[in-house]
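Enquirer: What follows is a protein structure lacking sequence information:
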(Lines give C-alpha, C1' and ligand atoms only; values in the text may rest on other atoms or scores of the structure.)
Protein backbone atom coordinates (compact mmCIF):
# COMPACT_ATOMS: atom_id res chain seq x y z
CA UNK A 1 0.00 0.00 0.00
CA UNK A 2 1.33 3.43 -0.93
CA UNK A 3 1.68 5.97 1.87
CA UNK A 4 -0.92 8.69 1.46
CA UNK A 5 -1.14 10.76 4.63
CA UNK A 6 0.45 14.11 5.21
CA UNK A 7 1.79 14.68 8.73
CA UNK A 8 1.46 18.20 10.15
CA UNK A 9 4.02 18.61 12.93
CA UNK A 10 3.14 21.76 14.82
CA UNK A 11 -0.49 21.67 13.78
CA UNK A 12 -1.75 23.76 16.67
CA UNK A 13 0.45 26.72 15.76
CA UNK A 14 -0.14 29.77 13.59
CA UNK A 15 0.83 28.02 10.36
CA UNK A 16 0.06 24.36 11.05
CA UNK A 17 -3.64 24.89 11.63
CA UNK A 18 -3.92 26.86 8.42
CA UNK A 19 -1.98 24.21 6.51
CA UNK A 20 -4.47 21.64 7.81
CA UNK A 21 -7.41 23.81 6.73
CA UNK A 22 -6.02 24.02 3.19
CA UNK A 23 -5.35 20.28 3.05
CA UNK A 24 -8.93 19.59 4.19
CA UNK A 25 -10.34 21.95 1.53
CA UNK A 26 -8.43 19.98 -1.08
CA UNK A 27 -9.70 16.65 0.22
CA UNK A 28 -6.22 15.45 1.16
CA UNK A 29 -5.62 12.99 3.99
CA UNK A 30 -3.61 14.44 6.86
CA UNK A 31 -3.11 14.14 10.58
CA UNK A 32 -1.55 16.21 13.29
CA UNK A 33 1.51 15.03 15.16
CA UNK A 34 2.05 16.49 18.62
CA UNK A 35 2.73 15.31 22.15
CA UNK A 36 -1.02 14.80 22.63
CA UNK A 37 -1.94 13.26 19.24
CA UNK A 38 -3.06 9.64 18.80
CA UNK A 39 0.44 8.85 17.56
CA UNK A 40 2.47 11.13 19.83
CA UNK A 41 5.33 13.23 18.50
CA UNK A 42 7.82 14.83 20.85
CA UNK A 43 11.03 16.41 19.58
CA UNK A 44 12.89 14.96 22.55
CA UNK A 45 11.61 11.36 22.14
CA UNK A 46 13.23 10.25 18.90
CA UNK A 47 12.52 6.58 19.54
CA UNK A 48 8.81 7.33 18.94
CA UNK A 49 9.23 9.20 15.65
CA UNK A 50 9.04 6.16 13.34
CA UNK A 51 5.71 5.05 14.79
CA UNK A 52 4.36 8.58 14.36
CA UNK A 53 5.53 8.89 10.76
CA UNK A 54 4.40 5.40 9.67
CA UNK A 55 1.94 5.57 6.79
CA UNK A 56 2.74 9.13 5.78
CA UNK A 57 4.01 10.29 2.41
CA UNK A 58 5.12 13.77 3.42
CA UNK A 59 5.31 16.16 6.34
CA UNK A 60 4.94 19.83 7.16
CA UNK A 61 7.34 20.66 10.00
CA UNK A 62 7.20 23.61 12.34
CA UNK A 63 9.98 23.05 14.87
CA UNK A 64 9.44 23.85 18.54
CA UNK A 65 10.71 25.62 20.50
CA UNK A 66 12.65 27.44 17.74
CA UNK A 67 15.22 26.58 15.08
CA UNK A 68 17.67 28.83 16.94
CA UNK A 69 18.13 26.31 19.78
CA UNK A 70 21.45 24.47 19.74
CA UNK A 71 19.99 21.03 19.03
CA UNK A 72 17.53 22.00 16.29
CA UNK A 73 19.73 21.16 13.29
CA UNK A 74 20.54 17.74 14.70
CA UNK A 75 16.85 17.09 15.36
CA UNK A 76 15.81 18.17 11.85
CA UNK A 77 18.48 15.95 10.29
CA UNK A 78 17.44 12.99 12.43
CA UNK A 79 13.77 13.56 11.63
CA UNK A 80 14.52 13.64 7.90
CA UNK A 81 16.51 10.40 8.08
CA UNK A 82 13.70 8.75 10.06
CA UNK A 83 11.20 10.04 7.51
CA UNK A 84 13.17 8.45 4.68
CA UNK A 85 13.29 5.14 6.58
CA UNK A 86 9.49 5.35 7.03
CA UNK A 87 8.86 5.93 3.33
CA UNK A 88 8.19 9.67 3.33
CA UNK A 89 9.25 11.38 0.14
CA UNK A 90 9.00 15.08 1.01
CA UNK A 91 9.35 17.46 3.97
CA UNK A 92 8.25 21.08 4.08
CA UNK A 93 10.21 22.96 6.76
CA UNK A 94 9.08 26.29 8.17
CA UNK A 95 12.33 28.18 8.64
CA UNK A 96 13.43 31.67 9.53
CA UNK A 97 14.93 34.16 7.11
CA UNK A 98 18.51 35.09 7.96
CA UNK A 99 18.71 33.15 11.22
CA UNK A 100 21.90 31.13 11.80
CA UNK A 101 20.13 28.30 13.63
CA UNK A 102 17.52 28.08 10.89
CA UNK A 103 20.25 27.93 8.25
CA UNK A 104 21.94 25.05 10.09
CA UNK A 105 18.61 23.20 10.24
CA UNK A 106 18.04 23.81 6.53
CA UNK A 107 21.47 22.38 5.73
CA UNK A 108 20.75 19.30 7.85
CA UNK A 109 17.50 18.77 5.94
CA UNK A 110 19.26 19.18 2.59
CA UNK A 111 22.03 16.74 3.59
CA UNK A 112 19.50 14.03 4.50
CA UNK A 113 18.68 13.26 0.88
CA UNK A 114 14.90 13.67 1.22
CA UNK A 115 13.05 15.91 -1.21
CA UNK A 116 12.27 19.17 0.57
CA UNK A 117 10.73 22.62 0.45
CA UNK A 118 11.98 25.34 2.78
CA UNK A 119 9.65 28.20 3.69
CA UNK A 120 11.83 31.10 4.89
CA UNK A 121 9.57 33.45 6.76
CA UNK A 122 10.56 36.52 8.69
CA UNK A 123 7.20 37.85 9.91
CA UNK A 124 3.56 36.87 9.51
CA UNK A 125 0.74 39.32 8.82
CA UNK A 126 -1.22 37.55 11.55
CA UNK A 127 1.27 38.89 14.12
CA UNK A 128 -0.73 42.13 13.88
CA UNK A 129 -4.11 40.56 14.58
CA UNK A 130 -3.53 37.46 16.68
CA UNK A 131 0.13 37.33 17.56
CA UNK A 132 2.97 39.19 19.17
CA UNK A 133 1.94 42.65 17.96
CA UNK A 134 -1.85 42.44 18.37
CA UNK A 135 -1.92 44.17 21.74
CA UNK A 136 0.30 47.04 20.58
CA UNK A 137 -1.73 47.50 17.39
CA UNK A 138 -4.95 47.60 19.42
CA UNK A 139 -3.37 50.24 21.67
CA UNK A 140 -2.62 52.37 18.60
CA UNK A 141 1.17 52.16 18.36
CA UNK A 142 3.63 49.55 17.14
CA UNK A 143 7.30 50.32 17.60
CA UNK A 144 9.89 48.10 15.95
CA UNK A 145 13.67 48.61 15.65
CA UNK A 146 13.55 48.33 11.87
CA UNK A 147 14.66 51.76 10.71
CA UNK A 148 14.29 52.29 7.00
CA UNK A 149 14.75 48.60 6.19
CA UNK A 150 11.96 47.02 4.17
CA UNK A 151 10.71 43.87 5.82
CA UNK A 152 8.38 41.36 4.15
CA UNK A 153 5.32 40.07 6.00
CA UNK A 154 3.77 36.81 4.84
CA UNK A 155 0.06 36.05 5.11
CA UNK A 156 -0.14 32.53 6.56
CA UNK A 157 -3.27 31.87 4.55
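Expert: The structure has been received and is ready for your questions. All values reported here derive from a predicted model rather than from experimental measurement.

Enquirer: Grab the nearest non-local neighbour of the residue nearest the centre of the chain.
Expert: By C-alpha atoms, centre = their mean, the chain has its centre lying nearest to residue 62, at 1.8 Å. With sequence-adjacent residues excluded and distances taken as C-beta to C-beta, 6 or more residues apart in numbering, residue 62 is closest to residue 10, at 2.9 Å. Where C-beta positions appear, they are placed from N, C-alpha and C, glycine not excepted.

Enquirer: got the contact list for the residue nearest to residue 15 when sequence neighbours are not counted?
Expert: Counting by C-beta to C-beta, 6+ apart, the nearest residue to residue 15 once its immediate chain neighbours are dropped is residue 156, at 5.2 Å. Residues in contact with residue 156, defined by C-beta atoms under 8 Å, 6 or more residues apart in numbering, are 14-15, 18, 124-126.

Enquirer: Next, count neighbours for residue 80.
Expert: Using other C-beta atoms under 10 Å, residue 80 has 24 other residues around it.

Enquirer: Are we agreed that it is in a strand?
Expert: No: the assignment for residue 80, made by DSSP: H, G, I helix; E, B strand; the rest coil, is helix rather than a strand.

Enquirer: May I have the residues that are in contact with it?
Expert: Going by C-beta under 8 Å, 6+ apart, residue 80 touches 91, 108-109, 112-114, 116.

Enquirer: Check what pLDDT the residue sitting furthest away from the middle of the chain gets.
Expert: Ranked by distance from the centre of the chain (C-alpha atoms, centre = their mean), the top residue is residue 140, with 31.3 Å. Predicted confidence (pLDDT) for residue 140: 92.

Enquirer: And it, how far from residue 46?
Expert: According to C-beta to C-beta, to the nearest Å, residue 140 and residue 46 sit 47 Å apart.

Enquirer: picking up where we left off before, quick check, the residue nearest to the centre of the chain in contact with residue 13.
Expert: Yes: between residue 62 and residue 13 there is a contact at 5.3 Å, judged by C-beta atoms under 8 Å.

Enquirer: ok so, going back, so what's the residue nearest to the centre of the chain up against?
Expert: With contact taken as C-beta under 8 Å, 6+ apart, residue 62 is in contact with 9-10, 13, 15-16, 94.

Enquirer: What about those residues, which one has the most neighbours?
Expert: Counting neighbours by other C-beta under 10 Å, residue 9 comes out on top of the contacts of residue 62 with 26 neighbours.
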